[in-house]
Every structure is written in structure tokens, then in C-alpha cells.
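S.K.: need coordinates for the below:
(one chain, ligands or ions: 4)
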Amino acid sequence: MQGPVGSNPPSTDSHCPYCALQCAQRLGGHPVAAEPRDFPTNRGGMCQKGWTSADLLRTPDRLARPLRRTSEGFEEVSWDEALDDVAARVLALRAEHGPDAAAVFGGGGLTNEKAYQLGKFARLALRTRLVDYNGRFCMSAAAAAANRSLGIDRGLPFPLTDLQDADAVLLLGSNLADTMPPAVQHLAAVRERGGLAVVDPRRSATARLADDRAGIHLSLRPGTDLALLQGLLHVVLGEGLADVAYLRDRVEGVEEVRRSVAQWWPERVASVTGVPAGDLRRVAHLLADASPHRGGRGAFVLTGRGAEQHVDGSQTVGAAIALALALGLPGSRRGGYGAITGQGNGQGGREHGQKADQLPGYRSIEDDEARAHVAEVWGVTPDDIPRSGVPAVQLLSSLGVDGGPRALFVHGSNLVVSAPRASAVRERLQALDLLVVCDVVPSETALLADYVLPVTQWAEEDGTMTSLEGRVLRRRRAVTPPPGVRDELWVWAELARRLDAPGTWSTDASEVFDELARASAGGRADYSGLSHARLDTGEALYWPCPSADHPGTPRLFTDGFPTADGRARMVPATVTGPDDDVRPDAPVHLVTGRLLQHYQSGAQTRRVTQLRDAAPQAHVEMHPSLAARIGLDGAEPVRVTSARGSMVATARVSPDVPPEVVFVPFHFAGADLVNALTNDATDPVSGMPEFKVCAVTVERVDVAESMLHPSQEAVS
Ligand SMILES: Nc1nc2c(c(=O)[nH]1)N[C@H]1C(S)=C(S)[C@@H](COP(=O)(O)OP(=O)(O)OC[C@H]3O[C@@H](n4cnc5c(=O)[nH]c(N)nc54)[C@H](O)[C@@H]3O)O[C@H]1N2
Ligand SMILES: Nc1nc2c(c(=O)[nH]1)N[C@H]1C(S)=C(S)[C@@H](COP(=O)(O)OP(=O)(O)OC[C@H]3O[C@@H](n4cnc5c(=O)[nH]c(N)nc54)[C@H](O)[C@@H]3O)O[C@H]1N2
Ligand code: SF4
Ligand SMILES: [Mo]
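M.R.: Ligands and ions are numbered 1, 2, ... in the order given. Purely as a prediction, here's the structure:
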């Protein structure tokens, strides 16, 4: 299938390396380039990141040899030397401190095969219970709420193209126009019908899509989505807009929710959220009139990270689901609730065992039946499988402290840029006895490691990814990796052997998929009817797909909910507001998020010339009135400070943010590292940190001083 670099096959069909839309690509030519292919989600489109993705294959500082830290920096070592030493150090730490001396941090960008094998590697080779991943920062709130209310967590329980038929779409905290640009096509019809409602403190690119007759933008105070949803539920349940028959036949908990929203009349909601009562009523009626029980063409309630990355994130999603249930949407074929998954394999990455409490197939690691099933597939006894670990933020804060882990393996995350309260995370990583980072580039996190192991990236490997729709897609090898680079499946197999692990450790992605499929059989995310061969012959299939002749499941809930009694659950909520709210000494809300040009921590996209040139560093988006208040004269440097840290970046003055809010993207790593400021307080239900809102001061920095803080570390 592949030859040496320069003699690649004419073209290979695959999907984009970045986000969960997983736009279909064709890779080919000299030098290799990515062209979009037609597929229902992207319909022949790609964003700027997709078009430039092949540049990642030629990045000049691509890691190509294992590196070991010395007192002077890094030295190149052979794979054998690196793996022998890492294994010996793990065994020594285990002998001294027990198996939980080693911990693992994974990523939602890993293929299903790698996510599965990483969970197995943690439990059987390292024998640790301490494994979690960056999906905790991303989908954990939505996942917890969906599991609780609907009995299953598949981000979109319907095809994305269903949005095209709707009369109304409510988007809470999603800036789709920048984060998944080709998906905006699916909103064209609803905009034409005037039915797009966007909830975002900023007038984001997506909020602008709802301008004029296309719909409505609700600019709420950051961190108040739950109050807003309580208000929408108040109107729907109180004004006779609900689907009474659906609630009677399919839903539990309606009366508790009715009581919990009784006090949230629109004028009270307005005082908390800043959203006018009339706008709230308008959106409630818009959704109700679009709902099937009132003869509408369909209505969807969708959440993104803006509504979810809060200490009440799982309650907020619970309320969004309750709203969809009140309108009779889930399972109706004309509407529903969905969470828009973020990372390339954010969906599959949260199903196959790299989560602290999880075994493959979305099984619970505390469930004895699940343990017995997976133990059998792994060829071990249930007692060989450790119990639950702890969620990411808790795991990171325990590194290197007394009684905490002494070693960490990182696969697919650039933690020191992307974790909340990142400066404290850096200190914890530095306190470890052993940090091993597998990556394709020297990310800021890799630069802290004792061992950096160079691994294959997307176009150099085979595997599968599960997109935001729960559709399992083939990632195909299109080019030969550089000679010193290895596949992570091989790295885990080699380490497992050196650690004397039980079980078998295939290095073939198709074989690992077959094992994953067996392990998932009977679980909530059942892949047992899938294989690479089957996916290669037909269209990508939606899970659950429990047998080789099963057609897959594009739409869930049509015949009931996968809960014990087949009914969905409305969960009452308590509004508390952000953990770190504005106060006299920190009067401005900082909200964080994304730019079109960069992906996540920027480890990849800051290395793509076109993207780096388009957005070379962070900026602080602020309202003209705030700029005037602090004496700014246009695009000058400002310092933003929270209780945890501070950053410096250039102001971008714009009326698109409210006067008491500043917005900063999180893709940058030098003096403009916004996660130095963010709050690591977490949602008690899901472990999601409150990335989206914290209290800050903003002040002007004189230019001479800002020269002392170059705003971005050299990328090489
Ligand atoms: N260009 C680009 N695209 C990406 C990614 C990327 O890094 N770059 N990452 C991918 C991943 S992993 C993810 S998770 C998705 C994320 O995709 P989105 O959820 O669309 O992205 P964000 O920019 O994090 O947040 C969305 C919006 O939330 C708003 N917001 C902030 N605070 C609040 C609040 O309290 N309430 C509400 N309602 N809104 C608020 C912000 O102003 C922002 O416009 O994007 C995916 N796609
Ligand atoms: N302030 C703030 N912070 C946030 C967010 C926010 O909205 N605001 N969003 C959060 C969210 S939703 C997310 S998803 C996280 C993401 O943040 P991170 O977890 O840091 O994600 P990436 O930047 O994608 O890091 C992936 C790393 O893995 C490497 N890599 C790529 N492919 C592979 C592979 O196959 N194997 C291995 N071993 N490595 C690979 C890349 O080069 C890169 O260094 O950030 C979170 N942080
Ligand atoms: S929208 Fe996402 S999957 Fe599509 S090209 Fe852009 S980054 Fe890639
Ligand atoms: Mo994410």
C-alpha cells in the first residue's frame, strides 16, 4: 500500500487529522497534499486547517529519534535503550511505591485502536488504575448528563444532515462557524426559515449567522446557561407548549423538574443572564412551534463547550436534554438533543477504556459482569484489572506529591498548554521521577519529558476514528513515516513485553480493532459487527452495530431509551453560577475558546506556516468601553490577571464582546498562555474544569515592558 517517501501511491482516501467533523480527504501528489472528498458531513468542503494539513508531514522539527533528557538537554538514543530504561524505571518505582506509581494521560485524537490499547496497557502492563485523558476537558459534562438522562452517550444521536430539515436549532455555546466551518452548510435551511438561535456572550462568527431574519443571538452573561435553560423550561412547561403525551409515555422526573423551574420566570432569568425576557419567550415559542407535536418540521437543541466547560456543566446539559424531552424531540426523527463532539476521535476515544472508570464498549470498570467479559477477551482474570482511577484534574494535581504517582505517560495531549491552571500543572510534571511523552513534534509538554518517543501521525497510520455522529470511519496510511518513528501500538507491545504483562499485544491495527470489537460486544458502544474489512467495503457505519449483518444505527431512541425501564430521565437542577465570579477586585469575566486557524494547544497548527502567519499569537478581544476605561488607544498590549496567574497579549477592540467580558484563545504557549489564568475548579459530577469563565483584571502594559515578555516561545 505504501512505498518510500516520494513514491507514494497516486491517492489514498482518509479523513482530516483534526476535529470531530472528520471531513473526508484524499491524500496524494508530490509533495503530498490534502483535497476534500464528498461525504455527508462536509459535502466536499474543508476548512483552512484541513487544506493545509499535509504540511504537518513536512514540519522541519518533526521528532524522528527517541530523546533522553541529560543535564544539558536531550540526547538521541536507540529505541531499545529508551524502552529498556523506561521499563526498568517503571519496575523500580512500582517495587518501591506500588503499581499506582505510574499514571497515563491519553487523548481524544488517538484512533480507536490506540485508545483501546492504551487503556489495556495502563491496566495490564503498568497495572495502574490511574488513567484518564484530555476528553475530560472536552466531552465529560455532556457525556455524564447524556448517560444519566438518556442511558447512552453518543454526541449526536442522529445524522448531522438531519439539521437540514428543521424549523429551529438552538445552539448553546458552540461557535461552529469557526470550529467546524463546513458544518454551517447544514444550517442554511433553518436560517432561511428564521429559526437559528445562538447563545454566546460574544457575537461570534456563529452568532452573526443568526442576525437579522435568520434567527436570534442571545448574549448572556458567561456561566449562566443553566439559568437560561431553566427559564426556557419554565415557559415551555408553564405555557402549555410541552408534548404531554411524550412526557407521559417516555419520560421520568417531569414533576421534579417542573418544581425546580417554577421560580425561573423570564424576568428573573433576565436579571441573572442579562437576556431580555421577551427574547427568552420568543426562543421558547420558536422551538415549540418547530416541534413535531405542534406540527413543526423539527427542532434541535445542541450544546458546545461554551455551555459545558463550567462547574455546573453536567447540570446545564441535563437541562438542555430536559428541554428537548419537554418538546418531545429525542427519538422523534424530527429533532433531538446533541452535544457537538470536539476532537477527531473525541467520540471513539471516550468509549474504549482510556477513561478512569471505564472498560471498552463504554462499560463501567466497577461492574463485575463487564470486568469478567473484558478479562476473558484480554486473557486474564477479573482481579488482574484494577478498579477506577480519578478524573484528569485530580490526577494532574496528585502528580509527584506525597503518595501520588511518580511516573506519567502522555499520549496525545499537550497538557502544559491546555490544562486549566497550567502553571501548576507544569510544576507537577517537573516533580515527577519519570515523564514519558509520545508525540510527533516537540510540544511544550514533550520539552519537559525525561523521554520523548517519536510516533506516527495520521497519514502515516491505519486505524479508525468515530466522528461526532457516532460513525466509524477508516483512517488510512497514505505515506511512509520517517525511519526512526514507530507506531504507538508497537511502543506498547514492546513495553508490555519488558514489563512482563499478561495478554497479547498485537501491533496490527486491524487485529487490534477485532479485539476491541469483541471487548465491546454487548456494551453500550457495541462495535462487534464492525471490522476494517467491512468498513473498507461500504460506507462508514454508525454504532451500535452488534453483528456482521447489522446495518448500524444512524438514529437512536426511536424505540425507547437504553435505560433500565426504557424511559428517559429529566433531572432537576440547582443554579449556582460560576465558581470564580466577578467581584470588585476582579471585575471582568475572561472567556476562552478557539480561533478558526488553530487547533487546540497549537502544537500542530503553530507549525503550519499559513496558519501561524494568519494568527501568530493570542489577542485579548474587548469592548471599546473597557478599552477606554483602561486608557487603551487601539491594539496595544494588555495584561490580564486572575487569582492564579497573568498573561500579556495585544488588545483587539471590538463591539462583539460585552463590556464586562474579554475573550482570549487558548492556542498559544508563551507569555500569552491563557491557561495560566483559568480555574481548575471542576464539575463534581463529571470532573469538567471551568475553562470558560473566570474573574480577571485587565490593564494596559506600556510597550517597553511588553518587550520583556515576548508573546510566543520559539516554536522550534
Ligand atoms: N478551529 C478550531 N476548531 C476546533 C478546535 C480548535 O481547537 N480549533 N477544537 C475542536 C474541539 S476539541 C472542540 S471541543 C470544539 C469546540 O468547539 P466550540 O464549542 O464551538 O468552541 P469554543 O470556541 O471553545 O467555544 C464556543 C463558544 O463558547 C462561547 N462561550 C464562552 N463562555 C460561554 C458561556 O458561558 N456560555 C455560552 N453559551 N457560551 C460561552 C465562546 O465565546 C465561544 O464562541 O472545536 C473543535 N474544532
Ligand atoms: N482555556 C481553555 N483551555 C482548553 C479548552 C478551552 O476551551 N479553553 N478546551 C479544552 C479541550 S475541549 C480540549 S479537547 C483540550 C485539548 O488540548 P490538548 O490535549 O493539548 O490537545 P492537542 O493540542 O490536540 O494535543 C495533542 C498532542 O498530541 C500530538 N499528537 C497528534 N497525533 C498523535 C498521536 O497519534 N499520538 C500521540 N502520542 N500524539 C499525537 C500533537 O502533536 C499534540 O502535541 O484543551 C482543553 N483546554
Ligand atoms: S472542519 Fe475539522 S475536520 Fe473539517 S477540515 Fe476543518 S479541522 Fe478538518
Ligand atoms: Mo475538545
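S.K.: could you count how many residues lie near residue 440?
M.R.: 26 (other CB atoms under 10 Å). C-betas here are computed from N, CA, C, even on glycine.
S.K.: need the contact list for it.
M.R.: Residues in contact with residue 440, defined by CB atoms under 8 Å, 6 or more residues apart in numbering, are 56, 62, 63, 454, 455, 456, 457, 485, 604.
S.K.: of the residues you listed - the most surrounded one?
M.R.: Greatest neighbour count in these, by other CB under 10 Å, goes to residue 604: 26 neighbours.
S.K.: from what I see, it and residue 441 are in contact.
M.R.: Yes: at 7.0 Å, residue 604 and residue 441 qualify as touching, with contact defined as CB atoms under 8 Å.
S.K.: farthest pair within the contacts of residue 440?
M.R.: 485 and 604 (15.5 Å; CB to CB).
S.K.: ramachandran angles for the residue lying closest to residue 701 once chain neighbours are set aside?
M.R.: Nearest residue to residue 701, sequence neighbours excluded (CB to CB, 6 or more residues apart in numbering): residue 637, at 4.5 Å. In terms of degrees, to the nearest 10, the main-chain angles of residue 637 are phi -70, psi 140.
S.K.: show the contacting residues for the residue nearest in space to the middle of the chain.
M.R.: Centrality entry for the chain: nearest residue to the mean C-alpha point is residue 138, 3.3 Å, by CA atoms, centre = their mean. Residue 138 makes contacts with 108, 305, 341, 342, 343, 346, as judged by CB under 8 Å, 6+ apart.
S.K.: what number of residues lie near residue 88?
M.R.: Burial measure for residue 88: 12 neighbouring residues, criterion other CB under 10 Å.
S.K.: so what pLDDT did it get?
M.R.: Residue 88 carries a pLDDT value of 98.
S.K.: doesn't residue 468 make contact with residue 21?
M.R.: Yes: assessed by CB under 8 Å, residue 21 is found in contact with residue 468 at 6.3 Å.
S.K.: now stretch 298-318: mean pLDDT?
M.R.: 98.
S.K.: pull out the buried positions in it.
M.R.: 298-318 (16 or more other CB atoms under 10 Å).
S.K.: what does the model give residue 708 for pLDDT?
M.R.: 55.
S.K.: what's the closest non-adjacent residue to the residue of the chain found nearest ligand 3?
M.R.: Per CB to the nearest ligand atom, the residue of the chain with the smallest distance to ligand 3 is residue 50, at 2.4 Å. Distances taken as CB to CB, 6+ apart put residue 16 closest to residue 50, at 4.5 Å, once the chain neighbours are dropped.
S.K.: contacts only, for the one you found.
M.R.: By CB under 8 Å, 6+ apart, the neighbours of residue 16 are 22, 23, 25, 34, 46, 49, 50, 53, 344.
S.K.: any idea how far residue 38 is from it?
M.R.: Residue 16 is 14 Å from residue 38, where distance means CB to CB, to the nearest Å.
S.K.: swap in residue 541?
M.R.: 18 Å.
S.K.: quick one: average pLDDT of the host helix or strand of residue 625?
M.R.: Element membership of residue 625 [criterion: DSSP states H and E] is helix 624-629. Averaged across helix 624-629, the pLDDT comes to 98.
S.K.: same check on stretch 502-511?
M.R.: On average, stretch 502-511 scores 98.
S.K.: report the buried residues of that stretch.
M.R.: Counting neighbours by 16+ other CB under 10 Å, stretch 502-511 gives 503, 505, 506, 507, 509, 510 as buried.
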